[in-house]
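> model the following, please.
(one chain, ligands or ions: 1)
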Amino acid sequence: MQSTFRPRSLWRTGILGTCFRSRFQVYGVSNTRFISTWKEELQEVNHDTKAPLSGRVHILGMGNLGCFFAHSLATRRSPPPITICLHNDYLYQAFVRKRGQISVSTHGLDDVRTGFDVETVDEEGRWYTMPPVDNRPSPFNSTSQPPPDNGPIECLIICTKAHHTELAIKDISHRLTKDSTICLVHNGMGVLESINQNVFPDPNNRPHYIQTVFSHGLGRNDSFKISHLGVGTTILSPVGDSSIPPTTPEADHTWAPSTKYLLRLLTLTPPLVAVAETPAGLLQYQLEKLAVNCVINPLTALSDCTNGEILYSFSFTRVMRLLLFEISAVICALPELQGIPGIEDRFSPERLRRLVVNVASNTAKNHSSMQQDINQRRLTEIEYFNGWIVRRGEELGIKCALNYMIKHLVAAKAATHRSREAGAIPLDLDNVISTNEPPI
Ligand SMILES: CC(C)(CO)C(=O)C(=O)O
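Have a look, this model is predicted:
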């Protein structure tokens, strides 16, 4: 007998800790897993809200991650309306040249999707809905300019790097309301706190958030053309009220309609392999990923090597162990984890070492994102990896001298590249005396 796996409401069963893990109930006939359409998901959420949602999903940040999310949503049997937000003309022109196509290649086979709506932004920060760049008929007449579209955004998936996320959200913050949900997809820790502090300081007027831990392997072939190199998962969790510790179970009715809708949509989009977790569960996955990134990324960036190469040297192994002693001490002392059973074992230096070794050997031939950032003269995420460990360590009275050193070695390497290229002479600006001003 065949069985149907029907998606079960994640929120009806009450406590997140129990309902989030069991996403499907077995009902009987047919094999239609993931059968629901986005409209059905929307209906369920709109059922008891006064302001029904349209179901549109905006995606900002069209690097590998943004392309993967947009493409995955577009592969659904019934894709929701998707708007990709292109924040400069160069990207828009590239998308026009690609005729509005996003392509994901798996084992050498390209899967091309179209049907994306596009918005671009001008220098004054006004967003415009552009005419379709694929073969769909344009809703605008050919002579008229598209009108600015600064209407509220219901669901925003933001796929920029950690250091760009705050700025990217600032540019679109006038369209985000306390009913919107932002799904943050980036590496590293501490971004949400700075968004709250600098972009949405008033807790009563803040959007809702979903945080993620993303572990699929992606590579870039060209603009809007990526490869899916390794199947991973997308672990998602809504972010609870910051005054409630993440370890407290919360009733399901506290999640906003846009959060419920986006969670349902993403968990029922097969290529994402998305699972919903509790806030406390997600935090632990984030910290495991952080530990891995704090070791593999700076070591490969400093030594300009592949992930696998750090496994075959006694010296790398020593550095790895010493960094992990500090990382483990900070994580185990975090107040937000206190009360969770088994923390000391899960985050022991030895277990973290095994995680790092596993990831490094599974991705042995890959170049870490930080190694690529350094070589392509981009900003690195070091402040959100080892920098975060150092800052949290300081708060907790734990000195993280080695992580501090690693953070500065990476910053120094990036600065050396920059000044070499600019042909700059290193100057100690504090000791430069301008001829027009009297010496201080
Ligand atoms: C896990 C790792 C190191 C894989 O390359 C990664 O996430 C990164 O490169 O940022």
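> so where's the longest strand in this structure?
For the chain, the strand that runs over the most residues, judged by DSSP state E, is strand 176-184.
> can you list the neighbours in contact with the following helix or strand past it?
Remark: after strand 176-184, the chain's next helix or strand is helix 191-198, criterion DSSP states H and E. The contact list for helix 191-198, computed with CB atoms under 8 Å, 6 or more residues apart in numbering, reads 162, 165-166, 169-170, 184, 203, 206, 209, 211, 239, 242, 384. (Each C-beta comes from the backbone N, C-alpha and C, glycine too.)
> make it 7 Å
A162, T165, E166, I169, L184, R206, Y209, Q211, V239, Y384 (CB atoms under 7 Å, 6 or more residues apart in numbering).
> of the residues you listed, which belong to strands?
Those of the contacts of helix 191-198 lying in strands (DSSP E): L184, Y209, Q211.
> can you redo the residues you listed as a markdown table with distance to T269 and pLDDT?
Formatted as a markdown table, the ones in strands among the contacts of helix 191-198 follow (distance: CB to CB, whole Å; pLDDT from 0 to 100):
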| residue | distance to T269 | pLDDT |
| --- | --- | --- |
| L184 | 17 | 98 |
| Y209 | 19 | 97 |
| Q211 | 17 | 98 |
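> out of the residues you listed, flag the one nearest to N46.
Y209 (21.1 Å; CB to CB).
> shouldn't that closest one be in contact with L184?
Yes - with contact defined as CB atoms under 7 Å, Y209 and L184 form a contacting pair (6.2 Å).
> could you find the closest non-adjacent residue to Y404?
V390 (5.0 Å; CB to CB, 6 or more residues apart in numbering).
> sec struct for the one you found, please.
Look at V390: counting by DSSP: H, G, I helix; E, B strand; the rest coil, its state is helix.
> for it, what are its contacts?
Here V390 is in contact with C400, N403, Y404, K407 (CB under 7 Å, 6+ apart).
> next, count neighbours for the third one.
In this case it means Y404. 17 (other CB atoms under 10 Å).
> what is the three-state secondary structure of it?
Y404 - assigned by three-state DSSP - is helix.
> state the distance from it to the ligand.
As judged by CB to the nearest ligand atom, to the nearest Å, Y404 and the ligand stand 21 Å apart.
> kindly report the same for the last one.
Taking CB to the nearest ligand atom as the measure, K407 falls 16 Å from the ligand.
> for the one helix or strand that residue maps to, buried residues please.
Element membership for K407, per DSSP H and E: helix 401-422. Buried residues in helix 401-422, counted by 16 or more other CB atoms under 10 Å: L402, N403, Y404, I406, K407, V410, K413, A414.
> again, but for stretch 254-271
Under 16+ other CB under 10 Å, the buried positions of stretch 254-271 are 255-269, 271.
> dump that stretch to CSV, restricted to CA.
In CSV, the C-alpha atoms belonging to stretch 254-271 read as follows (Å, rounded to 0.1, in the frame of the first residue of the first chain):
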residue,chain,number,x,y,z
THR,A,254,2.9,33.9,18.7
TRP,A,255,4.2,33.6,15.2
ALA,A,256,3.1,36.2,12.7
PRO,A,257,1.1,35.2,9.6
SER,A,258,4.0,36.1,7.3
THR,A,259,6.3,34.0,9.4
LYS,A,260,4.0,31.0,9.3
TYR,A,261,3.5,31.4,5.6
LEU,A,262,7.2,31.7,4.8
LEU,A,263,8.1,28.8,7.0
ARG,A,264,5.5,26.6,5.4
LEU,A,265,6.6,27.6,1.9
LEU,A,266,10.3,26.9,2.5
THR,A,267,9.8,23.7,4.4
LEU,A,268,7.6,22.4,1.5
THR,A,269,10.1,23.4,-1.2
PRO,A,270,12.0,20.1,-1.9
PRO,A,271,15.3,21.3,-3.3
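> per-residue pLDDT of R420, please?
You'll see R420 listed with a pLDDT of 79.
> hang on, T160 in a strand?
No - under the criterion used here (three-state DSSP), T160 is coil, not part of a strand.
> which ones are touching it?
L60, G61, A168, H186.
> for the stretch 101-250 of the chain, which residue gets nearest to the ligand?
N187 (5.5 Å; CB to the nearest ligand atom).
> neighbour-wise, give me the winner out of the contacts of T160.
Neighbour max across these (other CB under 10 Å) = L60, 25 neighbours.
> look up how far F200 lies from the residue nearest to Y404.
Per CB to CB, to the nearest Å, V390 is found 26 Å from F200.
> could you list the low-confidence segments of the stretch 1-150 of the chain?
1-35, 138-149 (pLDDT under 70).
> please, where are all the helices along it?
Secondary structure of the stretch 1-150 of the chain (DSSP state H, counting those that start in this stretch): helices at 16-19, 38-46, 64-74, 89-97.
> same question, the stretch 251-400 of the chain
Going by DSSP H, counting those that start in this stretch, the stretch 251-400 of the chain shows helices at 257-267, 279-303, 314-333, 343-346, 349-362, 369-375, 386-396.
> who does the fifth one touch, helix- and strand-wise?
Right, the one you point to is helix 349-362. Applying 3 or more CB pairs under 7 Å, 6 or more residues apart in numbering; DSSP states H and E, one finds that helix 349-362 contacts helix 279-303, helix 314-333.
> out of those, which is closest to Q371?
Of all these, helix 279-303 comes closest under CB to CB, at 4.4 Å.
> how many neighbours does H208 have?
Neighbour number of H208 under other CB under 10 Å is 23.
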